[in-house]
Structure formats: structure tokens, C-alpha cells
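Colleague: Any chance you could fold what I've pasted below:
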Amino acid sequence: MEIYTDGACSPNPGPGGWGAVLRFGEHEKDLYGAEPPVTTNNRMELMAPIRALESLTRPCVVKIYTDSTYVKNGITSWVRKWKQNGWLTSAKQPVKNEDLWRRLDAATKVHEVEWLWVKGHNGHPENERADRLAVKGAEEAKGMKPVELPRSQEPPRHLW
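Modeller: As a prediction, this is how the structure comes out:
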């Protein structure tokens, strides 16, 4: 399984969207979503692989391509120390976006995941496609009204 992800937010912070291209052999699926009304680019970069991994219906060997060093470095290196430190940074500050880092960490436990970085906006076809999906989500978010969900309520899951 290959997954290409991207996030978008315009302005930052502002309305955001995320996009993911899933490929398994000859089969492909596009996922995207909008996050109303004020979010950040980093949150959208995190949301893309979260939603892509959560959409898988069985454990898989997955290669995730991201143009976000924040996501790649966070999940492959920083998250272990954050968990050891009780979700505090080395400067003893709360980890930003802890809710999404916890969710991404949990989603990766189900699968065998390899993280790969690609340079964004550099003509990589699947990265450009994920970017278009994320921008589409961000555009949809511009028309959304603020929604406040209880912290225990999870967003709806896309199934593939």
C-alpha cells in the first residue's frame, strides 16, 4: 500500500483541508476533508495520514509519502521521547497538537509503516494530487460554520 498525503491551510491559521491518495496495486482512492473554521497547516499535515491509515480495513504494509518534515520527524523520532516525557517537549512544554500525535501514533500501531519524505510542489504527481485534494478541502472549509464537538466524539471515518 502506498499513501501520499498533504495538508493545506489558507491563511495559516485559517480554514484547512487535508488530502490523501491511496494506492494498492492497480487500485486507487482519493480521500480529503475540510476542517472548520480555524486550524493550522501542521494540523492538516497530521490529519492526512491519520485519516488515510484509519480508512484501511485491515493491517497493511504501508509506505507513506509526505512533504512535511514536521510529520515525518515527529512520528519517526520525536513521538517516542514525548511519550516518555509525559507528552512534554525537551523544553518541558506541552507538545503542540498532542491530540493528533496520539491519534497518529495509535493509527500506525495497526500497520507496518515506512515514512518517506518528498519535496513538495516539485512536480511529484501523487504529491501534487494530494495537494489538490487538500486545497479542495480547505476551500470547502471556508464556507463552513464553526462546529464544536465534545472531546470524546471522534470524527466520522471513511472506509475503504
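
Colleague: and for the longest helix seen in the chain, what are the contacting residues?
Modeller: Taking DSSP state H as the criterion, the chain has its longest helix at helix 125-142. Residues outside helix 125-142 that contact it (CB atoms under 8 Å, 6 or more residues apart in numbering): 2, 4-10, 14-21, 23, 30-37, 39, 44, 48, 65, 67, 118, 120-121. (C-beta placed from N, C-alpha, C; glycine too.)

Colleague: Among these, which lie within strands?
Modeller: Among the contacts of helix 125-142, the ones falling in strands (DSSP state E) are 2, 4-9, 14-21, 23, 30-37, 39, 65.

Colleague: Which of the helices or strands spans the residue nearest to Trp117 when sequence neighbours are not counted?
Modeller: Nearest residue to Trp117, sequence neighbours excluded (CB to CB, 6 or more residues apart in numbering): Lys72, at 5.0 Å. Using DSSP states H and E, the element containing Lys72 is helix 69-73.

Colleague: With Ala91 instead?
Modeller: Using DSSP H and E, no helix or strand contains Ala91.

Colleague: where does Trp78 sit relative to Ser90, distance-wise?
Modeller: 9 Å (CB to CB, to the nearest Å).

Colleague: what's the answer for Arg23, then?
Modeller: Taken as CB to CB, the span from Arg23 to Ser90 is 37 Å.

Colleague: Those two: which is more packed in?
Modeller: Neighbours were tallied for Arg23 and for Ser90 using other CB atoms under 10 Å; the higher tally belongs to Arg23 (14 against 9).

Colleague: what sits against the more buried one?
Modeller: Applying CB under 8 Å, 6+ apart, the residues contacting Arg23 are 1-4, 126.

Colleague: List just the nearest of these to Leu56.
Modeller: Among the contacts of Arg23, Met1 lies closest to Leu56 (CB to CB), at 7.2 Å.

Colleague: quick one: the closest one and Lys81, what's the gap?
Modeller: Taken as CB to CB, the span from Met1 to Lys81 is 28 Å.

Colleague: Just want to know which of these two has more residues nearby.
Modeller: Shown here are Met1 and Lys81; by other CB under 10 Å, Met1 has more neighbours (18 against 12).

Colleague: What's the per-residue pLDDT of that one here?
Modeller: We note a pLDDT of 97 for Met1 in this prediction.

Colleague: Check His158 too.
Modeller: 41.

Colleague: before we move on, the earlier item: return the list of helices and strands in contact with the helix holding Lys72.
Modeller: helix 41-55, strand 112-117 (3 or more CB pairs under 8 Å, 6 or more residues apart in numbering; DSSP states H and E).

Colleague: Fine by me, thanks again.
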